[in-house]
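> pasting the sequence and the predicted coordinates here, then a few questions.
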Amino acid sequence: MDKFNLRPRDVNLYGEDICPNSYVFNYNLEQYDLVGFGSGVYGGRPHKSIDKFVFGLPRFRGRKAFVFSTSWRGKLSYNKYLKNKLTDKGFDVAGDFSCKGFNCFGPFKLIGGLNKGRPNKEDIEKAVDFARKLKSQATQ
Ligand SMILES: Cc1cc2nc3c(=O)[nH]c(=O)nc-3n(C[C@H](O)[C@H](O)[C@H](O)COP(=O)(O)O)c2cc1C
């Protein structure tokens with residue numbers, strides 16, 4: 001998923017496939033040992049397109065998943081909803097990550113938005129570090 005707007009250079013660097021939301025239906029997730037699902041948080045939930053995508057998935061066996069999100073509050077607990085949905089689909093949820101994201105929803109627009117510049121360099125470094133650790137655990 002492209003939640004952190006990683007460039008192709010980053011993708012090649014770490015050898016993973018990153019898939020924007022709009023192409024996700026072209027991917028056969030069976031070919032991956034570890035799949036990350038990322039989204040902004042809207043009303044305490046992931047974006048409805050991710051929810052719909054996960055709802056439409058078949059049941060998986062022996063596949064690991066992780067969840068990541070950005071939100072105004074940056075709370076890890078926002079990931080719980082998607083983690084549960086993935087567990088219901090048979091994924092072994094190996095971890096999750098969250099950080100703050102820029103929010104200019106409604107009245108916040110008037111003050112130039114909240115969390116300007118987030119996710120920032122540090123957030124992205126933490127996210128990449130998190131993904132690397134999971135990947136090395138998954139391939140051990
Ligand atoms: C309609 C709407 C609802 C939101 N609800 C929440 C929320 O419940 N909790 C929160 O912390 N942030 C909330 N946010 C902030 C977003 O999660 C945050 O801006 C996120 O980084 C957006 O990701 P995106 O840039 O991929 O859309 C909301 C934003 C919008 C536009």
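Looks like it came in fine. Numbers count the residues shown, from 1 in each chain.
> next structured bit after the helix or strand containing residue 51?
For residue 51, the host element (DSSP states H and E) is helix 48-55. Next helix or strand after helix 48-55 toward the C-terminus (DSSP H and E): strand 64-71.
> C-terminal to that following strand, what's the next element?
Taking DSSP H and E, what comes next after strand 64-71 is helix 80-88.
> what about that following helix, average pLDDT?
Helix 80-88 shows a mean pLDDT of 97.
> which strands and helices lie in contact with it?
Judged by 3 or more Cβ pairs under 8 Å, 6 or more residues apart in numbering; DSSP states H and E, the packing partners of helix 80-88 are strand 34-42, strand 45-46, helix 48-55, strand 64-71, strand 92-100. Heads up, the C-betas are built off the backbone N, CA and C, glycines and all.
> in contact with the nearest residue to residue 72 once chain neighbours are set aside, which residues?
Residue nearest to residue 72 in three dimensions, not counting chain neighbours: residue 103, with 4.2 Å by Cβ to Cβ, 6 or more residues apart in numbering. With contact set as Cβ atoms under 8 Å, 6 or more residues apart in numbering, residue 103 has these partners: 71-72, 113-115.
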